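Trainee: coordinates only, sequence not included:
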């Protein structure tokens, strides 16, 4: 997760409260998705960005998780995400992000 996005997440968390935010990520690889999830929940594991050492505890989901997919208009989801869902390792991505969420998120919605 780049430094600009980390700062945006931090600012939004301060403005609205971490209990009122959910982060939805869309990384194509499980490891990168897990790192992004960890960054917004437990703090930047690389200790390089604005979230270094900042445990926001945010709820974090990947776009392909059923909890998010079910909230979307099916036609639009299919148009925007359907093709990617066919080539991604969806089960591994879900497992990675859910594992981080279960361990570090304080505000699961």
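Mentor: Happy to help now that I have it. What you see is a predicted model, and the numbers here were worked out from it, not measured in a lab.

Trainee: Now for residue 17, how many residues are close by?
Mentor: By the other CB atoms under 10 Å criterion, the neighbourhood of residue 17 contains 10 residues. Bear in mind the C-beta positions are built from the backbone N, C-alpha and C, glycine included.

Trainee: my bad, should have said residue 28
Mentor: 11.

Trainee: other SSEs contacting the helix or strand of the chain with the lowest mean pLDDT?
Mentor: Scoring the helices and strands of the chain by mean pLDDT, DSSP states H and E places helix 83-87 at the bottom, with a mean of 93. Helix 83-87 sits against no helix or strand, with contacts defined as 3 or more CB pairs under 8 Å, 6 or more residues apart in numbering; DSSP states H and E.

Trainee: That helix: what's the following helix or strand?
Mentor: Helices and strands here follow DSSP states H and E; after helix 83-87, the next one along the chain is helix 90-104.

Trainee: what's the offset of stretch 30-41 from the middle of its chain?
Mentor: 6 Å (CA atoms, centre = their mean, to the nearest Å).

Trainee: Going by neighbour count, list what's buried in it.
Mentor: If you call a residue buried by 16 or more other CB atoms under 10 Å, then stretch 30-41 has these buried ones: 30, 33, 34, 35, 36, 37, 38, 39, 40, 41.

Trainee: Can you list which of the residues you listed are found in helices?
Mentor: 30, 33, 34, 35, 36, 37, 38, 39, 40, 41 (DSSP state H).

Trainee: wait, the first one sits on residue 90?
Mentor: Just to be clear, that refers to residue 30. No - judged on CB atoms under 8 Å, residue 30 makes no contact with residue 90 at a distance of 9.4 Å.
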